[in-house]
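Novice: Here's a sequence, model it:
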Amino acid sequence: MPPRRTFRRPLGERRYRKMFVIATEGAKTEPEYFSILQQIVGNVIVNIKCLTRDKKSAPRSVLDRMKRFLDDEGLRDEDEAWLVVDKDKWTHEQLAELYNWSQGRANYGLAVSNPLFELWLLFHFEEAKGISTAKKCSERLKRYLPDYKKGIKRQMITKDMILQAINRAKQRDDPPCSDWPKKTGTTVYRLVERILCS
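Specialist: Numbering: from 1, shown residues only. Here you go, the predicted structure:
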């Protein structure tokens with residue numbers, strides 16, 4: 001068995017106070033969003049590392065990607081590891097496997113968006129009333145981000161918008177779900193709050 005590696009920073013660079021390792025289902029939108037969040041909070045406070053998909057987006061693939069990273073790099077007790085997925089077409093059993101993993105340690109987490117991550121983006125602009133499908137969510141988001149399929153630009157998201165998104169997502173998650181939203185909603189706000197409070 002190869003020796004276990006630990007996360008190393010370049011020489012001369014300060015150690016981040018806290019690292020968030022995030023395995024995402026999406027290969028573009030989620031990493032871009034968390035890159036913007038990294039810029040907003042400042043890279044001295046936290047380090048956000050996104051593990052993006054390798055052509056596989058099923059919940060088990062997201063979990064496997066995270067497990068490989070943790071086996072190779074390890075995780076300090078003060079750091080956090082999060083899985084970020086959509087409810088989409090995934091079954092209860094598939095999401096339950098991720099939820100069960102997230103309960104294994106205090107610094108593991110699961111953030112699920114129902115129907116998809118774009119709902120979290122939409123909360124930056126409005127309350128997303130009447131949204132029940134992925135198609136409706138994407139169509140409504142295009143009102144605010146007409147070119148979001150090409151990427152999210154840094155100037156499109158501000159810290160105030162993030163705080164509004166947190167409040168809107170919390171209002172929708174009332175009472176707070178224990179595992180993941182069964183109806184339209186997202187628990188991405190829990191991860192973003194953890195990052196902002198670090």
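Novice: would you list every one of the helices in this structure?
Specialist: With helices called from DSSP state H, the chain shows them at 29-41, 59-73, 92-102, 118-122, 134-144, 159-172, 188-196.
Novice: ok, what's across the strand from the residue nearest to the spatial centre of the chain?
Specialist: Centroid-nearest residue in the chain: Val84, 4.2 Å away (criterion: CA atoms, centre = their mean). On the basis of DSSP bridges, Val84 is bridged to Thr24, Ala111.
Novice: before we move on, the earlier item: mean neighbour count, the helices of the chain: which tops it?
Specialist: Each of the helices of the chain was scored by mean neighbour count; the highest is helix 118-122, a mean of 26, by mean count of other CB atoms under 10 Å. (C-beta placed from N, C-alpha, C; glycine too.)
Novice: Excluding chain neighbours, what is closest to Pro181?
Specialist: Leaving aside its chain neighbours, Pro181 sits nearest to Asn114 (4.3 Å; criterion: CB to CB, 6 or more residues apart in numbering).
Novice: Surely that neighbour touches Trp180?
Specialist: Yes - with contacts counted by CB atoms under 8 Å, Asn114 reaches Trp180, the gap being 7.0 Å.
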